[in-house]
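Peer 1: From the sequence below, what's the structure:
(chains A and B, ligands or ions: 3)
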Amino acid sequence: MAAIDPLVRELSQIVGPDAVLYRREDLIAYECDGYTVRKQPPRAVVFPSCTAEVSAVVKHLHERHIPFIPRGAGTGLSGGAIPLGGEVIISLVRMKRLLHVDYENRLAVVEPGFVNLKLTNAVAAKGYYYAPDPSSQYACTIGGNVAENAGGAHCLKYGVTTNHVLGLEVVLADGEIVEIGGVPDTPGYDLLGLLTGSEGTLGIVTKITVRILKNPEGKKTVLAYFDSVEEASRAVSDIVAAGIVPAALEMMDKTAIEGVEAGNYPVGHPKGLEALLLIEVDGISAGIDDQIARIVEVCQNRNVSEVKVAASEEERARWWANRKTAFPAMGAISPDYLVQDGVIPRSRLPEVLEKISRISARSGLRIANVFHAGDGNLHPLILFDARIPGETERAVQVGSEVLKACADAGGSITGEHGVGIEKKEEMRYIFTDEEIAAQIGIRDVFNPQNLLNPDKLFPKPGRCAEMRTAPGEAR
Amino acid sequence: MSAPATKSHYLWEDPPDEEKYSACVHCGLCLESCPTYLETGHEQQSPRGRVHLIKAVAEGKIPLSPGFEQPVFTCLDCRACETACPSGVQVGSLIEAARGQIRKAMPLTGWRALLHAVFLRGVFPHPSRLFALGKLMKLYQRSGLQALARKTGLLNLLPGHLQAMERVVPAVPDPVMKRYPEVIPAQGTPRGRVALLTGCVMDVLFGDINEATVRVLTRNGYEVVVPRDQRCCGALHIHAGDREQGKILARRNIDAFLHARVDSVIVNAAGCGCALKEYPELLQNDPAYREKAVQFAEKVADISKFLAAHGYEKPTGRVEARVAYHDACHLAHGQGIRAEPRQLLREIPGVAWVEMPLADRCCGSAGIYNLTHPEMAGKILDEKMKAVPEQADIIAMGNPGCMLQMMMGVHRHGRTQRVVHTVQLLDWAYQREAAPQEERGM
Ligand SMILES: Cc1cc2nc3c(=O)[nH]c(=O)nc-3n(C[C@H](O)[C@H](O)[C@H](O)COP(=O)(O)OP(=O)(O)OC[C@H]3O[C@@H](n4cnc5c(N)ncnc54)[C@H](O)[C@@H]3O)c2cc1C
Ligand code: SF4
Ligand code: SF4
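Peer 2: Ligands and ions are numbered 1, 2, ... in the order given. Predicted coordinates for the structure are as follows:
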């Protein structure tokens, strides 16, 4: 057996022996996150239990030039928490307390490992909730949400994570602890905005102050079945054009419906559907019925084959569980999937979906489409079997082509899942070399030695002359 | 099923099924359902991590090593992850198969080997020895030896978890198998013929529950057969990775119950019910028993589900008590039975329902888990006890293992709740129809 890495003993002295993993089998469990196309075990995994321990661990690693990666629940879909070689993973899951709820000022303070859904559960009794609701909310951490600027079905109306973060405590790449935000409208640069969505490359989030919202007075949910993807897509545009702002406006196509019906949370959708829309409106009770009536009318104008309103809270919950578990439900019809995360202008939905279906036909890989239609955030799920030689590479290639199609339509390569290691090269579809170099310049201010989640987010220099700026010059 | 990977370290019969682990897409949505992950925060102690490692062994990335054994055996086999998993991954079945492989590669040593040899192979498969053990217990309890042992501190010689168990083991009544004839006639208009799985632990430690089950069934017009040839269901063996013994017991039971020519095989222990229903999987490569196993499994029914499905006489006797319900993992997650026992309890006159939060979170009993992993089981029990409502008088459930564990929890946390089986409450209600004043306000 290989001798134990001396680093393990050193880290154990900081966090205690039960808070460091180093056995080969244990490390294998950390070789990937929700993105499984690339795998690499970390050098060790360490579980700090408070900010001071995070800081001490980071200082220790920084002094020794050892790279490290923060990790939450590991549900990320772009490989942000996957090591590329030699990194220590700093897992935040033992920092999972809800520290404080202030109902008067409508905010909550949580540790980074606190699970998203638990916040809503904790404040529900008083009639509040936490709005950002990624479909992974049963498991993902709020720290991970901040790092990815996570969105969710209800972000159409309520905004993504960045719109709900009021303050952060962050451990910087050298171990220094800083507080940002916390007061309304902090003067100076919007550092909160910069940190949120930085994918763990600018600092490790150790405490988060978020907004909590009062439950809407009323809520109604509609399920609409279509015989044509095109008609369903047009209905999406029409709903928004009619001036309605639904809380959520989700779409699934035929293959996606096949997947969710084969999974653990089927609804019993009729067979042979081409597309369905799941639409929710909320707000003051008075206006809701009127909005529902207009949505039903729009769908009827687009030849909806069936449209119904959830008859009970139980039915509504079933529809949502079916939608929210759509990605993993694909496991029931395919051994592996790669989920993409393109964004396009809503009006171009039919055209881009058509393009995606051509890419699918050409590659021979099935693609299921599940998406936040309301904000044009597509999640094409490329179905493949990693056991077949060459198929993983083909899936990755197809993913890239899909993102190209989105970028060409005037959109973006990621709506909410982040760039991670997956979409580094695709950054070039939307940024010039200079623009990328400028962003790397910003990273270098916070993370000058590229020790903190190294080599994520940006393509390797080479094709572009990376203008590595010294921290002093970057300003 | 595709051919196993050539690099696989699974060299023995019944390896984890590739189709089953391939269904896992590594999404992590199961993490928060897993008691051992919640306790440790360690990925390898989560369903996703365990399935990932099971796959890694098949891919030849890691051997059947202690580092693999530990997470696989720390699993409670509670199946909460199966309820959570959108992709329908059968984690329990994968874990059991992996354990089988591990036990082949790394046979037990030390006190665990002794425990296994004495209890799993030596006692449980043999009814006569089980009853002898039961008799010893009774002797111990009745002779004053128990009091003496407690007083003198002799018990302190036992490991902590056994001491704790000793304190809560109920007064042992005689097993039903001994006291009743093989066929017990129905009362009133006959509605059918069923068999009762008496269960090994159930009959020895909780003979009164079997008795209650018999009374409830006969009262509702069922002729009850208690096949003498039945054996322990084998769940404990399969959980421990001893698939061979599990298969031997399974075959015995299939023969015994099919021979009894009954409409249904009634089970009042969730863990056993789950194991019986999984005989077809256990024996899928056994040409002589494959079909019989399917035929048998179709007859197996949990008592609460059976009563709900076939209807039963609603009791008019009252049980004045505030009742909370704990979902045994192998009922809720293993067999999808949640509503039926609740419905049954709530329909008993006098019962005031107390909602228990996280009712389907494991109590840490998990077969002999509380003996093999006392520390983890203890922590999980402590979490469970936090959720037990103070105001409840009774905690009802459908599994003897859980009952022992919860009794231990009540004892350890200085609580007052009485731990009972669902069917016992129904039985009491029936009994009180005759003597309505008896035992009020317990
Ligand atoms: C089934 C499924 C559905 C999903 N649905 C959605 C969806 O609807 N919307 C959406 O936006 N995303 C979705 N995701 C993606 C994922 O859940 C989110 O990106 C989530 O925010 C990741 O959180 P995590 O705790 O799992 O983070 P991880 O995966 O552990 O980490 C993600 C990234 O954040 C960094 N990080 C983690 N914690 C910290 C911290 N404390 N400080 C600094 N950096 C940190 C990591 O280094 C990594 O780069 C889904 C994923 C799955 C598997
Ligand atoms: S077991 Fe199911 S829920 Fe857990 S990671 Fe695998 S697919 Fe996801
Ligand atoms: S069976 Fe229970 S303990 Fe085992 S992995 Fe699943 S949830 Fe965890």
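Peer 1: Which residue ranges make up the domains of chain A?
Peer 2: A:6-91, A:98-214, A:217-331, A:334-475 (automatic domain parsing).
Peer 1: Please name whichever of those is nearest to B:Ala105.
Peer 2: domain A:6-91 (14.0 Å; Cβ to Cβ). Where you see a C-beta, it was placed from the backbone N, CA and C, and this is true even at glycine.
Peer 1: on that earlier part again, want to throw the domains of chain A into CSV with distance to B:Gly100, mean neighbour count and mean pLDDT?
Peer 2: Below are those laid out as CSV (distance: least, Cβ to Cβ, whole Å; neighbours: other Cβ atoms under 10 Å in any protein chain shown; pLDDT from 0 to 100):
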stretch, distance to B:Gly100, mean neighbour count, mean pLDDT
domain A:6-91, 18, 21, 97
domain A:98-214, 29, 20, 94
domain A:217-331, 24, 19, 94
domain A:334-475, 23, 19, 88
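Peer 1: mind listing what A:Val352 touches?
Peer 2: By Cβ atoms under 8 Å, 6 or more residues apart in numbering or on different chains, the residues touching A:Val352 are A:Gly342, A:Ile344, A:Leu378, A:Ala405, A:Cys406, A:Ala409, A:Gly411.
Peer 1: again, only this time at 10 Å
Peer 2: A:Val352 makes contact with A:233, A:342, A:344-345, A:369, A:376, A:378, A:380, A:402, A:405-406, A:408-409, A:411, according to Cβ atoms under 10 Å, 6 or more residues apart in numbering or on different chains.
Peer 1: Which of those sits closest to ligand 1?
Peer 2: Nearest to ligand 1 among the contacts of A:Val352, counting by Cβ to the nearest ligand atom, is A:Leu378 at 12.3 Å.
Peer 1: The closest one and A:Thr255: what is the separation?
Peer 2: Distance, A:Leu378 to A:Thr255, using Cβ to Cβ, to the nearest Å: 14 Å.
Peer 1: hey, what's in contact with both of those two?
Peer 2: Joint contacts of A:Leu378 and A:Thr255 (Cβ under 10 Å, 6+ apart) are A:Asn369, A:Val370.
Peer 1: Closest to B:Ile348 out of the contacts of A:Val352?
Peer 2: For these, the nearest to B:Ile348 is A:Asn369 (50.7 Å; Cβ to Cβ).
Peer 1: just to revisit the earlier point, Throw the domains of chain A into TSV and include distance to ligand 2, thanks.
Peer 2: Formatted as TSV, those follow (distance: least, Cβ to the nearest ligand atom, whole Å):
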stretch	distance to ligand 2
domain A:6-91	8
domain A:98-214	8
domain A:217-331	5
domain A:334-475	11
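Peer 1: A:Lys219 is in contact with A:Glu313, correct?
Peer 2: Yes: using Cβ atoms under 10 Å, A:Glu313 is in contact with A:Lys219, at 9.0 Å.
Peer 1: any idea which residue sits dead centre in the chain?
Peer 2: Using chain A here. Centroid-nearest residue in chain A, with Cα atoms, centre = their mean: A:His417, separated by 3.6 Å.
Peer 1: my bad, the chain I had in mind was chain B
Peer 2: For chain B, B:Gly271 is the residue whose C-alpha lies nearest the centre (Cα atoms, centre = their mean; 2.6 Å).
Peer 1: Please report how far the closest residue in space to it that isn't next to it in sequence lies from B:Leu276.
Peer 2: Distance criterion Cβ to Cβ, 6 or more residues apart in numbering or on different chains; nearest residue to B:Gly271, sequence neighbours excluded, is B:His330 at 4.6 Å. B:His330 sits at a distance of 11 Å from B:Leu276 (criterion: Cβ to Cβ).
Peer 1: of the two, who's got more company?
Peer 2: B:His330 (30 against 27; other Cβ atoms under 10 Å in any protein chain shown).
Peer 1: and the more buried one, what is it in contact with?
Peer 2: Neighbouring residues of B:His330 by Cβ under 10 Å, 6+ apart: B:77-79, B:92, B:235, B:269-275, B:277, B:302, B:337, B:362, B:366-367, B:398-399, B:401-402.
Peer 1: and the helix or strand hosting it, does that touch ligand 3?
Peer 2: Per DSSP states H and E: B:His330 is located in helix B:329-335. No: Helix B:329-335 lies out of reach of ligand 3 by Cβ under 6 Å from any ligand atom, never closer than 7.3 Å.
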